[in-house]
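Student: take this sequence and fold it.
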Amino acid sequence: MEGIIAIAVIVVGVVAALVLTLAAFSSSVESEDQVKAVNFAREGLEVVRNIRDTNWLAQEEFDYNLKNPSSGLLYNNLIVNFDDTYQWTVEGVDTGGYADPYNCAGATHSCQLFSSANGYYSHSALGEPTKFYRVLQQNYICRNQFNGLDLYVEPNGEECASGASYRVGIEVLSKVVWKEAGQGREIVLEDHLFDWR
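Tutor: Predicted structure coming up:
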């Protein structure tokens, strides 16, 4: 009887140790994925900030290169891509109005990120596919000209209400999604980039 109790205690201890080890490993993998996702989201925001800053140095409008050349309207949803020439490019994507990284219709590139042999990530399907998808959403920040203190965000990439408001900046939301153990995960970072002029 004592031998059976001793074996039961040892089995419970071993099973508990295995469960704790598996939980720690799973948490470690999930933490690593969260760090990657935050970095991908931050990278998207920094690219748009860099474009705004470059526009200022070139004495262009602050939203130049962030608009659709054919319509002149701000890209509501876009991807930023690091291409084979080591340059950042911006491409508008149709995600059905809402920034849905799994649905990038009409884009030359996918919203999915790929890992290249050179160690960088891009939306070009030239490397190994990752589990991460990224899309940025941008909207104008407007100021009411009759009450200079009232700032508001115009949704869906629309222009500020004509006559009553003018553009003072862009709200940028960088969204990264992925699946971990069958569960959907999402990181969204937000930044407000203002016109310096």
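Student: so how far is stretch 185-197 off the chain centroid?
Tutor: Distance of stretch 185-197 from its chain centroid, counting by CA atoms, centre = their mean, to the nearest Å, is 10 Å.
Student: repeat that for stretch 41-51.
Tutor: Centre-to-centre, stretch 41-51 and its host chain are 9 Å apart (CA atoms, centre = their mean).
Student: for stretch 114-134, same thing?
Tutor: With CA atoms, centre = their mean, you get 14 Å for stretch 114-134.
Student: using CSV, list the CA coordinates for it.
Tutor: Extracted in CSV, the C-alpha atoms of stretch 114-134 (Å, rounded to 0.1, in the frame of the first residue of the first chain):
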residue,chain,number,x,y,z
PHE,A,114,7.3,37.3,-45.3
SER,A,115,10.8,36.7,-43.9
SER,A,116,13.6,37.0,-46.5
ALA,A,117,16.9,35.2,-46.6
ASN,A,118,18.5,38.5,-45.9
GLY,A,119,16.9,38.8,-42.5
TYR,A,120,14.3,41.5,-43.2
TYR,A,121,10.5,41.3,-43.4
SER,A,122,8.4,42.5,-46.3
HIS,A,123,5.0,42.0,-47.9
SER,A,124,6.6,40.6,-51.0
ALA,A,125,6.1,36.9,-51.3
LEU,A,126,9.8,36.3,-51.9
GLY,A,127,10.6,34.7,-48.6
GLU,A,128,9.1,32.4,-46.1
PRO,A,129,5.5,33.3,-45.1
THR,A,130,5.1,34.3,-41.4
LYS,A,131,1.9,34.1,-39.3
PHE,A,132,1.8,37.9,-39.1
TYR,A,133,-0.4,40.2,-41.2
ARG,A,134,-0.1,44.0,-41.1
